[in-house]
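J.: Prediction below, plus the sequence it came from.
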Amino acid sequence: MADERVDSEIVTQFLLNTCRLRPRLTKHALYAAVYCAIMATTERPDDNDFIPLTTGSVAEFYIEPMLLHVGDVDMMFHPSLELAIPRGHPPPTQLPAEFHNYVKVVEINDSHLPGYVYLKLRYLLTYSPEDEKYNYVEYDDMGVYLSVSNEQIAVRHGPAVVYYLSDRSYLSVDGVYCCRCLVWPPQAADWPARQRNYDWPDSATVDRVINNGCDVVGVAHRRCRQHEWMNKHQWRLSFSRAEIVLLNSWMPVQQIVYHMLRVFMKNKRLTDSADTTGTKILSNYHIKTLMLWACELKPRSWWTDDLNLVRVCVELLRTLAVWLNEARCQHYFIHDCNLLDHDDNSLSTSQLAVSELMSITETSLCDWFINCYIRQCAQLCPQHIARLFDDVSSTTRLQNAVAAVVDWRLNELPTLSYYTFAQSVIMVEVSRYALTVPSCLCWMRELSVIHEDLLVYFVALAFLHAAVKISRNTLTDELLDALSTICLQSNPVRHRHIARHSSVLSLSQAAKLMKVVANNSCSTVQLIEIELSKAYLHRAWRCKDSESDSIYCLANVYLAVLYYTTGQYQTAIDHCTLVMRSQDH
């Protein structure tokens, strides 16, 4: 027993000391930002932009263990032309700027299986520039259901599509096509208000979760994959956005335990077994669900008092074994959804996993982490430290070897400046692709989270890139909207497809830019903002609806002010003259 306690202490202290807080700028975070921008830039028919979201380990973990725990970059992306709403919910009149001016609205209808739904075509939303809101009409044919469509794929993992970019050395991307729902779904209506004895998640976190809504991903339940219609039309509710918020609210010790469980289950190949339909019997999602329930049902003291990470893992693994034995794993958000609802043919496979999980003791798990985890970490150290593990026959030798690894980790200096590397990657990608409103929004959103200086660097590169483009050709409408989006970071260009044909919206965009100029006289890009304002006013002139005197006069007055501001006095006088000649000046 003495050795067991010592070994548990060694493993616990090793994980606590080596799982440091992850820096915001990492290789994986950078690749995620690049992929989001590429996804947003790619041209598609009907101006149907894809709006990406980084999910999975890159978004969920804020710790950085010695052993890499992030494989591929996980991403969800929803089209700007589609939106899901709960059944019976009124069609929205306002949408985020990322959505198109024409949006198909589908209604979420329950299937006979909890958590799985069908998407019924219900409304068509059309944006009205005059009212600044969406109007709707109902579809005549109410029996049309949205089918599951996928991009060209190389490999498929459930709803995920694995993308490989052949001309890059980047990681691959698990991309999940989804339909966005801005409303918290009624299928999980009891989650926000259910009784929580230990105040996790707290009310502020619950509010953040439900305000993010959910998504619907295209994948059928394993029982329905042989049915031709259901396999093509069945979707599953996804709570990835909620899980990102919840996992980032965990204490560091909870993130470390989650990492330990994932590493152990993966290396013991307990997440490899699948049933006859190819559905995994145990997966990372079961481990995540186990952790979510534990964080809610266990008091804070269970995680922090007399801390023993190995004992915590053993107890959680045995809970998972009980769930597997009873074929019952309650979904964390949907109360009547069972995540371990497998067929009878998988019974023998699941029983093998149950036996292995139940046989785990604190001693055996300590031995595994010492021999399979800590030794592997030692291989990352200089050779003289790694050699200490050649002889750990006594507790003292083991403690000295582990302490050497911990000391090296705590004093480790980065061998690569990721900031410099990030700059080079951003420079290559900005020059490779056209600047668009969606891509600029993605770059700014992702880089502001990673490193504020990289956001400034991107803005400078974008302006330089635009200057080169304009010197060779001219300022296109698309580039004008992109540059305006960069200048108006808190108020991006909205409904750009309409704005290019509406003098009112072009005038409105010019007014927003001029307001920025007036409120920030010390801006380093003030002249750029003024020139962009001029371009929008000239674009207003080109619109078919610009013949009215009110539009004509206002555009000329604004232009006169702007040209006067930049010292072009004769041009300012010319615009004043045009106003004076108008009958309605």
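T.: That came through, no problem. Worth saying up front: this structure is predicted, and the values here are computed from it rather than measured. Numbers count the residues shown, from 1 in each chain.
J.: where along the stretch 251-400 of the chain do the helices fall?
T.: 252-267, 284-297, 300-304, 309-326, 347-358, 362-368, 375-378, 383-386, 395-410 (DSSP state H, counting those that start in this stretch).
J.: Reformat those as TSV; add mean neighbour count, distance to Trp229 and mean pLDDT.
T.: Using the backbone N, CA and C atoms, a C-beta is placed for each residue, glycine as well. Formatted as TSV, these follow (neighbours: other Cβ atoms under 10 Å; distance: least, Cβ to Cβ, whole Å; pLDDT from 0 to 100):
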stretch	mean neighbour count	distance to Trp229	mean pLDDT
helix 252-267	20	36	95
helix 284-297	19	26	97
helix 300-304	13	47	95
helix 309-326	19	32	95
helix 347-358	15	29	83
helix 362-368	18	47	95
helix 375-378	18	48	95
helix 383-386	12	58	94
helix 395-410	17	55	94
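J.: where do the helices sit along the stretch 401-550 of the chain?
T.: Secondary structure of the stretch 401-550 of the chain by DSSP H, counting those that start in this stretch: the helices cover 418-432, 437-450, 452-472, 477-487, 496-499, 503-519, 526-542, 549-565.
J.: Ends of stretch 303-310, what's the gap?
T.: 11 Å (Cα to Cα, to the nearest Å).
J.: And the contacts of that stretch?
T.: 7-9, 11-12, 15-16, 251, 253-254, 256-257, 260, 312, 362, 365-366, 369 (Cβ atoms under 8 Å, 6 or more residues apart in numbering).
J.: Let's see that with 10 Å instead.
T.: The contact list for stretch 303-310 (Cβ atoms under 10 Å, 6 or more residues apart in numbering) reads 4-5, 7-16, 19, 250-251, 253-254, 256-257, 260, 294-295, 299, 312, 314-315, 360-366, 368-369.
J.: Where among the helices of the stretch 401-550 of the chain is average confidence lowest?
T.: Note on the helices of the stretch 401-550 of the chain: lowest mean pLDDT is at helix 496-499, with a mean of 52.
J.: For the stretch 1-150 of the chain, which segments count as helices?
T.: 2-18, 27-41, 56-60.
J.: Please identify the deepest-packed of those helices.
T.: Of all those, helix 27-41 carries the top mean neighbour count, a mean of 23, counting by mean count of other Cβ atoms under 10 Å.
J.: For that helix, the averaged confidence score.
T.: Here the average pLDDT along helix 27-41 is 83.
J.: between that helix and helix 418-432, what angle do the directions make?
T.: Interaxial angle, helix 27-41 versus helix 418-432 (axes from the mean of the first three to the mean of the last three Cα atoms, to 10 degrees): 10 degrees.
J.: on that earlier part again, so which of the helices of the stretch 251-400 of the chain comes closest to Tyr35?
T.: helix 284-297 (20.4 Å; Cβ to Cβ).
J.: Now do that closest one: which elements does it pack against?
T.: Secondary-structure packing of helix 284-297 (3 or more Cβ pairs under 10 Å, 6 or more residues apart in numbering; DSSP states H and E): helix 56-60, helix 240-248, helix 252-267, helix 300-304, helix 309-326.
J.: Just the CA atoms of that helix, as PDB, please.
T.: Provided in PDB are the C-alpha atoms of helix 284-297 (Å, rounded to 0.1, in the frame of the first residue of the first chain):
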ATOM      1  CA  ASN A 284     -14.000  10.000 -27.000                       C
ATOM      2  CA  TYR A 285     -17.500  11.400 -26.800                       C
ATOM      3  CA  HIS A 286     -18.400   8.800 -24.200                       C
ATOM      4  CA  ILE A 287     -15.400   9.900 -22.200                       C
ATOM      5  CA  LYS A 288     -16.400  13.600 -22.600                       C
ATOM      6  CA  THR A 289     -20.000  12.700 -21.500                       C
ATOM      7  CA  LEU A 290     -18.500  10.800 -18.500                       C
ATOM      8  CA  MET A 291     -16.500  13.900 -17.500                       C
ATOM      9  CA  LEU A 292     -19.400  16.300 -18.000                       C
ATOM     10  CA  TRP A 293     -21.600  14.300 -15.700                       C
ATOM     11  CA  ALA A 294     -18.800  14.000 -13.100                       C
ATOM     12  CA  CYS A 295     -18.200  17.700 -13.100                       C
ATOM     13  CA  GLU A 296     -21.900  18.400 -12.500                       C
ATOM     14  CA  LEU A 297     -22.500  15.600  -9.900                       C
END
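J.: Next, the distance between the ends of stretch 365-373.
T.: Distance across stretch 365-373, first residue to last, is 11 Å (Cα to Cα).
J.: Can I get the helices of the stretch 1-150 of the chain in TSV including distance to Pro438?
T.: Listed next are these as TSV, based on distance: least, Cβ to Cβ, whole Å:
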stretch	distance to Pro438
helix 2-18	39
helix 27-41	4
helix 56-60	19
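J.: To Arg472, which of the ones you listed lies closest?
T.: That would be helix 27-41 among the helices of the stretch 1-150 of the chain, by Cβ to Cβ, at 19.4 Å.
J.: What residue spans form the domains of this protein?
T.: Per automatic domain parsing, the structural domains of the chain span 72-249, 250-358, 379-410, 429-543.
J.: where's Gln195, which helix or strand?
T.: Following DSSP states H and E, one finds Gln195 outside all helices and strands.
J.: Distance check, it against Leu297.
T.: Per Cβ to Cβ, to the nearest Å, Gln195 is found 11 Å from Leu297.
J.: got it, and Pro382?
T.: From Pro382 to Leu297 the distance is 44 Å (Cβ to Cβ).
J.: Asn519 too?
T.: Distance from Asn519 to Leu297, by Cβ to Cβ: 50 Å.
J.: if we can go back for a sec, can you redo the helices of the stretch 251-400 of the chain as TSV with distance to Ser439?
T.: Converted to TSV, the helices of the stretch 251-400 of the chain look like this (distance: least, Cβ to Cβ, whole Å):
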stretch	distance to Ser439
helix 252-267	32
helix 284-297	30
helix 300-304	41
helix 309-326	42
helix 347-358	44
helix 362-368	45
helix 375-378	39
helix 383-386	44
helix 395-410	38
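J.: among those helices, which is nearest Lys133?
T.: The nearest among those, by Cβ to Cβ, is helix 284-297 at 37.7 Å.
J.: That closest one versus helix 252-267: what angle between them?
T.: 150 degrees.
J.: now the angle between helix 240-248 and helix 284-297, please.
T.: Using the same axes, to 10 degrees: helix 284-297 against helix 240-248 is 60 degrees.
J.: Run the angle between helix 284-297 and helix 309-326 for me.
T.: Using the same axes, to 10 degrees: helix 284-297 against helix 309-326 is 110 degrees.
J.: right, and Leu557 touches Cys576 too?
T.: No Leu there; residue 557 is Val. Yes. Here Val557 lies in contact with Cys576, judged by Cβ atoms under 10 Å, at a distance of 8.0 Å.
J.: Among the domains of the chain, which comes closest to Ala40?
T.: domain 429-543 (3.7 Å).
J.: ends of the closest one, how far apart?
T.: 33 Å.
J.: Also stretch 135-143?
T.: One end of stretch 135-143 sits 22 Å from the other (Cα to Cα).
J.: Show me how far it is from its chain's centre.
T.: Centroid separation for stretch 135-143 versus its chain: 31 Å, with Cα atoms, centre = their mean, to the nearest Å.
J.: With stretch 35-42 instead?
T.: 13 Å.
J.: can you dump the C-alpha coordinates of that stretch into PDB?
T.: Extracted as PDB, the C-alpha positions of stretch 35-42 are listed here (Å, rounded to 0.1, in the frame of the first residue of the first chain):
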ATOM      1  CA  TYR A  35      -8.300  26.400 -42.500                       C
ATOM      2  CA  CYS A  36     -11.100  28.600 -41.300                       C
ATOM      3  CA  ALA A  37     -10.000  31.400 -43.600                       C
ATOM      4  CA  ILE A  38      -9.500  29.000 -46.500                       C
ATOM      5  CA  MET A  39     -13.000  27.500 -45.900                       C
ATOM      6  CA  ALA A  40     -14.500  31.000 -45.900                       C
ATOM      7  CA  THR A  41     -12.700  32.100 -49.000                       C
ATOM      8  CA  THR A  42     -13.500  29.200 -51.300                       C
END
